[in-house]
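Enquirer: What follows is a predicted protein model with its sequence.
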Amino acid sequence: MEKFFLRDSEEYIKLGQVLKAAGLAESGADAKQAVQDGEVMVNGEIDTRRGRKLYDGDIVKYNGKTIHISSGK
């Protein structure tokens, strides 16, 4: 499981942004398509909202990879 750390000034990050920032999607368009196609799970459930806000402790699964969102605190 890979950790994705939120910036100190951020309370959350959006689902589409984390896919791109973590290198799981090459572009925002690719992230959008994967989310809309139901290929991404958040906390064990498929989520089709690329604007879904992810907070400390959330877990994202996509394309065989797992990302744990962490505030780093």
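Expert: In hand now; what should we look at?

Enquirer: Would you mind listing the buried residues in the longest helix seen in the chain?
Expert: Longest helix in the chain by number of residues, with DSSP state H as the criterion: helix 28-36. Buried positions in helix 28-36, judged by neighbour count with 16 or more other CB atoms under 10 Å: A31, K32, A34, V35. Yep, even glycine has a C-beta here, placed from its N, CA and C like the rest.

Enquirer: Tabulate those (CSV), appending pLDDT.
Expert: Output for the buried residues of helix 28-36, formatted as CSV (pLDDT from 0 to 100):
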residue, pLDDT
A31, 94
K32, 94
A34, 96
V35, 96
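
Enquirer: ok, so of these, who is nearest N63?
Expert: Checking those against N63 by CB to CB gives A34 as the nearest, at 7.7 Å.

Enquirer: Give me the nearest residue to V42, chain neighbours excluded.
Expert: Once flanking residues are discounted, V42 sits nearest to V60: 5.6 Å by CB to CB, 6 or more residues apart in numbering.

Enquirer: To clarify, my last question referred to K20.
Expert: Nearest non-adjacent residue to K20, counting by CB to CB, 6+ apart: A31, 5.1 Å away.

Enquirer: before we move on, the earlier item: redo the buried residues of helix 28-36 as TSV? Include distance to Y55.
Expert: Formatted as TSV, those follow (distance: CB to CB, whole Å):
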residue	distance to Y55
A31	18
K32	21
A34	21
V35	17
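
Enquirer: which two in these are spaced the farthest apart?
Expert: Greatest spatial distance in the buried residues of helix 28-36: K32 and A34, 7.4 Å, computed using CB to CB.

Enquirer: what about the closest residue in space to V35 that isn't next to it in sequence, distance to A29?
Expert: Excluding its sequence neighbours, the residue lying closest to V35 (CB to CB, 6+ apart) is R50, at 4.2 Å. According to CB to CB, to the nearest Å, R50 stands 10 Å off from A29.

Enquirer: Return the set of buried residues in stretch 38-58.
Expert: Under the neighbour-count criterion of 16+ other CB under 10 Å, stretch 38-58 has V40, V42, R50, R52, L54, D58 buried.
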